[in-house]
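>>> Structure of the sequence below:
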Amino acid sequence: MEPPTMNPVVEPLSWMLGTWLSDPPGAGTFPTLQPFQYLEEAYISHVGQPVLNFSFNAFHPDTRRPMHRECGFIRLKPDTNKVAFVSAQNTGIVEVEEGEVNGQELCITSHSIARMSFAKEPHVEQITRKFRLNSEGKLEQTVSMATTTQPMTQHLHITYKKVTP
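The predicted structure is shown next:
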C-alpha cells in the first residue's frame with residue numbers, strides 16, 4: 001500500500017514529520033517539582049488529510065516505565081501560517097493551543113484548557129510551546145506553563161533525533 005499524498009495545506013509543517021527519539025534525555029523543572037529527566041518518543045504523521053497526527057510518549061530514563069502521554073492533531077488555517085494544536089493528555093488535560101509556523105519554527109499558546117473534575121492541583125492555566133528544527137536537523141520542543149500557584153515558567157525542554165521519515 002502506498003503512503004498517502006501529503007495534503008498541501010500542511011506542507012509548511014512537513015519538517016516535523018517522522019518518528020523522533022529524545023537525544024539526550026529531556027529535562028523537566030518547575031518551582032513545585034524536583035528537576036527530572038525523561039526519555040520520549042514523538043510520532044508525527046499524516047494520512048492525506050489537511051492535518052498532522054501526533055503522539056508524545058515519555059518514559060522514565062532508568063526504569064523505562066511510562067510517564068506522560070499525549071496525542072492529538074495539528075491543523076493549519078488554509079493559505080495562512082496560523083496553526084491550531086489540539087491535545088489530550090493522560091493527566092486529564094485537554095487543550096487547544098494556537099499560534100504560527102514561521103519557517104522551521106512553530107510557536108503556540110493555549111487558547112483553552114479543560115480538565116477532568118478530579119485532576120490534581122495546582123491546575124494548569126496556560127501553556128506555551130515552541131518546536132523548532134535546529135541546524136543539526138534535530139527537533140527541539142520547549143514547554144512553559146502557568147498554574148494556579150505559579151506564573152509562566154519553563155517546564156520542559158527536549159531535543160529529538162529523527163529515526164524514521
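
>>> Name the nearest residue to N53, sequence neighbours excluded.
In this structure, N53 finds its nearest non-sequential neighbour in S45, 5.2 Å apart by C-beta to C-beta, 6 or more residues apart in numbering. All C-beta spots, glycine's among them, are computed from the backbone N, C-alpha and C.

>>> Quick check: V101 touching S14?
No - applying C-beta atoms under 8 Å, one finds V101 not in contact with S14, separated by 10.5 Å.

>>> Settle it for me: which of those two has more neighbours?
More neighbours surround V101 than the other of V101 and S14, with 21 against 13 (other C-beta atoms under 10 Å).

>>> That one and K120, how far apart?
Applying C-beta to C-beta, to the nearest Å, the value for V101 to K120 is 33 Å.

>>> Please apply the same query to P50.
Note on P50: its distance to K120, by C-beta to C-beta, is 36 Å.

>>> of the two, who's got more company?
P50 (15 against 8).

>>> roughly how far apart are that one and T164?
For P50, the distance to T164 equals 23 Å [C-beta to C-beta].

>>> How about E98?
29 Å.

>>> Double-check that E11 belongs to a helix.
Yes - under DSSP: H, G, I helix; E, B strand; the rest coil, E11 sits within a helix.

>>> I figured A119 hits T91, correct?
Yes - assessed by C-beta under 8 Å, A119 is found in contact with T91 at 6.8 Å.

>>> From what I see, M67 and F59 are in contact.
Yes - using C-beta under 8 Å, M67 makes contact with F59 at a distance of 6.0 Å.

>>> what sits in contact with each of these two?
Shared contacts of M67 and F59, defined by C-beta atoms under 8 Å, 6 or more residues apart in numbering, comprise Y38.

>>> show me what contacts T159?
22-24, 26, 134, 138-140.

>>> Report the secondary structure element holding it.
Mapping T159 onto the secondary structure by DSSP states H and E places it in strand 153-164.

>>> Need the CA coordinates for that strand. CSV is fine.
Only the C-alpha atoms of strand 153-164 are listed here, as CSV (Å, rounded to 0.1, in the frame of the first residue of the first chain):
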residue,chain,number,x,y,z
THR,A,153,7.8,29.2,33.8
GLN,A,154,9.7,26.9,31.5
HIS,A,155,8.7,23.3,32.4
LEU,A,156,10.2,21.0,29.7
HIS,A,157,13.0,21.1,27.1
ILE,A,158,13.8,18.2,24.9
THR,A,159,15.8,17.5,21.7
TYR,A,160,14.8,14.7,19.4
LYS,A,161,16.8,12.8,16.8
LYS,A,162,14.9,11.6,13.7
VAL,A,163,14.8,7.8,13.4
THR,A,164,12.3,7.4,10.6
